[in-house]
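I would like to see how this sequence folds:
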Amino acid sequence: MDLAAGACTGVRLAGSKLVAEHYARMRQVPEAQVYGFDLPLTEEMTRSEFRDELQYPLAARLVVDNLWQFGSVTNTATNGHPHRVRNLVVQSKIRYAVLCWGIPLKIISEANLHEPGRENLRPELQRNEAAVDSELAWLPLLKMDVPLSGPLPNWVYGATNTTALHPTNGILLVARLDGPSVEVANGLVDKALAAERDGLWGRAYFDARGLASTNTNYLLGDEWILSAGEICHELGFETVVDKNPGTFPADFPMSQIAIYCGWYTENADGPFAQPRVEFMPGAFAYHLFSFSANTLRSTNQYWCGPLLAKGATCTLGCVYEPYLTGTPNVAVFLARWLGGRYTLGEAAWAAQPVLSWQTTVIGDPLYRPFSQVGQSLHEALARRHSPLVDWSYLRLVNLDRGHGLSMAQLVAFLENLDETTNSAVLTEKLADFYDMQGKPSSAIETYQRALTRRPSPEQRIRLRLTLADKLLAQQREAEAVDNYRRLLEEAPDYPGRQSVEAKLGALEQKVANTNDAAKAEAQNK
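Here you go, the predicted structure:
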């Protein structure tokens with residue numbers, strides 16, 4: 001498979017060239033395939049600027065440099081239809097285009113663009129604004145009469161063979177290294193390469209809205225997200241699915257994030273609005289919102305910019321209103337990308353129902369986190385004594401459970417695994433299994449041990465909250481009081497502090513009353 005890429009930069013911004021050069025060095029892109037264009041400094045550009053300063057010049061450079069060759073293709077006549085001759089890319093030495101920090105993000109609407117048949121579109125689709133990425137994706141069809149008004153059905157949507165995702169089939173796999181700063185954009189390839197070496201590990205979080213089947217306008221979004229959650233669960237991720245109408249609250253302890261998919265608020269909120277977010281290297285984070293990528297320069301507005309600023313390695317977003325059916329199908333994306341064969345760029349465009357519309361793909365398009373076979377990766381992590389091997393064991397346990405191994409077998413495996421004695425991740429899982437077996441005392445003792453085995457800050461909060469619930473269920477109020485006090489000491493900035501303090505106050509009063517009653521009873525004897 002030819003993975004060759006070309007990088008595009010804005011010549012007016014020094015940072016754009018820095019990102020392109022860094023990417024070319026890390027991915028071994030030939031220097032001759034790094035192109036600079038004199039483009040606007042803003043995130044928006046007019047359609048004429050896009051056409052005259054990026055779209056046509058890029059296609060011309062690819063032809064001049066012998067990376068593309070256009071030619072005529074004749075479609076055989078069928079069922080009485082005449083032969084059709086199409087002029088498109090017939091040979092290509094590249095499959096990807098990487099837009100580097102500083103390349104405009106979106107094409108504004110052109111009021112004077114009048115196309116035949118535009119009036120046949122639904123009124124809300126009679127528009128020609130678009131994401132630069134999505135408009136460049138059909139660049140191999142540049143010499144054909146492609147309509148600019150409304151979305152263009154994506155002929156490779158749902159592709160099950162990566163060979164279909166090629167310029168000779170009319171599609172260029174476009175993604176961008178972008179974000180609120182040059183440093184963030186540069187880091188996207190570094191984190192992708194780290195995950196390719198060490199694997200993508202961590203937990204998967206899915207935030208559906210719990211919509212009823214009668215909600216025909218938005219149910220599709222929930223179905224995509226819930227299906228994506230099932231895919232991650234089947235692949236062995238520790239998976240959390242929330243079906244409450246709102247997004248994850250700020251006090252939800254979202255630890256060690258490998259995958260996040262949710263919807264539907266305007267700006268990053270809940271755990272993602274906190275100063276610290278525990279994204280794992282290589283993490284994918286996506287929030288379905290009509291203007292999630294309205295700007296990539298902000299660390300607190302909309303979603304894509306904040307997610308990247310907090311440490312996500314890749315994301316998808318929309319620059320203008322796409323309507324739900326014009327957004328990426330995240331279940332299709334994760335099924336292909338996490339399956340191991342598809343790169344980020346391949347999976348992203350196979351998951352996009354339409355082109356010439358509103359989607360931008362942010363991250364290294366060559367990123368493929370599961371290119372290594374599971375066993376060989378596990379052995380490599382073990383040889384390096386990497387703490388990530390704990391996650392490999394956890395995924396193995398989850399897969400074995402899905403394959404029908406009994407709870408007793410899984411518990412025995414973790415109990416006898418040397419790594420469990422030093423791993424907060426594996427010890428927490430063992431405690432969960434004890435709890436499922438109906439062994440509350442063993443579960444409590446094991447959650448307490450997990451707290452001594454270097455959990456991450458958010459995992460520590462989750463362990464404390466879980467432990468409090470288990471202690472209270474066993475009427476061990478005094479221990480629960482101590483546990484809540486420790487939580488407040490260990491996490492002074494915890495967003496749920498007020499709620500914990502209220503529970504602690506009521507519990508302290510209950511324990512004091514119990515102690516007073518016991519003393520009075522003892523004195524009366």
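
For F333, which non-adjacent residue is closest in space?
Of all residues not flanking F333 in the chain, A351 sits nearest, at 3.7 Å (CB to CB, 6 or more residues apart in numbering). For every residue, glycine as well, the C-beta is placed using N, CA and C.

any idea how far the one you found lies from N515?
60 Å (CB to CB, to the nearest Å).

Please apply the same query to E428.
In terms of CB to CB, E428 sits 32 Å off from N515.

the more surrounded of those two?
Set E428 next to N515 and count neighbours by other CB atoms under 10 Å: E428 wins out with 24 against 11.

Return the distance of that one relative to E458.
Note on E428: its distance to E458, by CB to CB, is 12 Å.

next one: V397
21 Å.

Quick check: neighbours of the worst-scoring helix or strand of the chain on mean pLDDT in the sheet, parallel or antiparallel?
Every helix and strand of the chain was ranked by mean pLDDT, DSSP states H and E. The lowest is strand 5-10, at a mean of 79. Strand 5-10 pairs in its sheet with strand 34-37 (parallel), strand 96-100 (parallel), by DSSP bridges.

Now the element after the longest one, going C-ward?
Think strand 96-100. As assigned by DSSP states H and E, the chain's next helix or strand after strand 96-100 is strand 106-107.

what's next to that following strand, contact-wise?
When contacts are defined by CB atoms under 8 Å, 6 or more residues apart in numbering, strand 106-107 is touched by residues 43-47, 50, 128-132, 135, 319-320.

residues in contact with the residue nearest to F333?
Residues in contact with A351 (CB under 8 Å, 6+ apart) are Y157, G158, P328, N329, V330, V332, F333, R336.

again, but for A208
D222, I225, L226, G229, V241, D242, K243, G262, W263.

Let me see the confidence value for it.
Predicted confidence (pLDDT) at A208: the value is 96.

From the contacts of A351, pick the one nearest K470.
Of all those, K470 sits closest to V330, with 33.9 Å by CB to CB.

wait, Q352 sits on N154?
Yes. With contact defined as CB atoms under 8 Å, Q352 reaches N154; the gap is 5.5 Å.

Listing request: residues of the chain with sub-threshold pLDDT.
For the chain, residues meeting the criterion pLDDT under 70 lie at 1-3, 75-83, 516-518, 520-522, 525.

what about 80?
Along the chain, the parts satisfying pLDDT under 80 run over 1-7, 74-85, 115, 117-120, 372-374, 514-525.

other SSEs contacting the longest helix along it?
Criterion DSSP state H: the longest helix present in the chain is helix 497-524. Other elements packing on helix 497-524 under the criterion 3 or more CB pairs under 8 Å, 6 or more residues apart in numbering; DSSP states H and E are helix 477-490.

and the helix it packs on, what does it pack onto?
The elements that helix 477-490 packs onto, with contact taken as 3+ CB pairs under 8 Å, 6+ apart, are helix 457-473, helix 497-524.

what's the most buried one of those?
When the helices and strands packed on helix 477-490 are scored by mean count of other CB atoms under 10 Å, the highest mean neighbour count falls to helix 457-473 (a mean of 20).

how far off helix 477-490 does that helix point, in degrees?
160 degrees (axes from the mean of the first three to the mean of the last three CA atoms, to 10 degrees).

I would like the residues contacting helix 457-473, please.
Residues outside helix 457-473 that contact it (CB under 8 Å, 6+ apart) are 253-256, 276, 278, 424-425, 428, 435, 440, 443-444, 447-448, 450-451, 455, 477, 479-480, 483-484, 486-487, 490-491, 494, 503, 507.

Narrow those residues to those that are buried.
Those of the contacts of helix 457-473 that meet the buried threshold are 253-256, 278, 424-425, 428, 435, 443-444, 447-448, 450-451, 455, 479-480, 483-484, 487, 491, 494, 503, 507, by 16 or more other CB atoms under 10 Å.

still on that earlier bit, compare the contacts of strand 106-107 and tell me which has the most neighbours.
When those are compared by neighbour count (other CB under 10 Å), V319 ends up highest, at 29 neighbours.

Am I right that it is in contact with Q358?
Yes. With contacts counted by CB under 8 Å, V319 reaches Q358, the gap being 5.3 Å.

what touches both of these two?
Counting by CB under 8 Å, 6+ apart, the common neighbours of V319 and Q358 are A130, A131.
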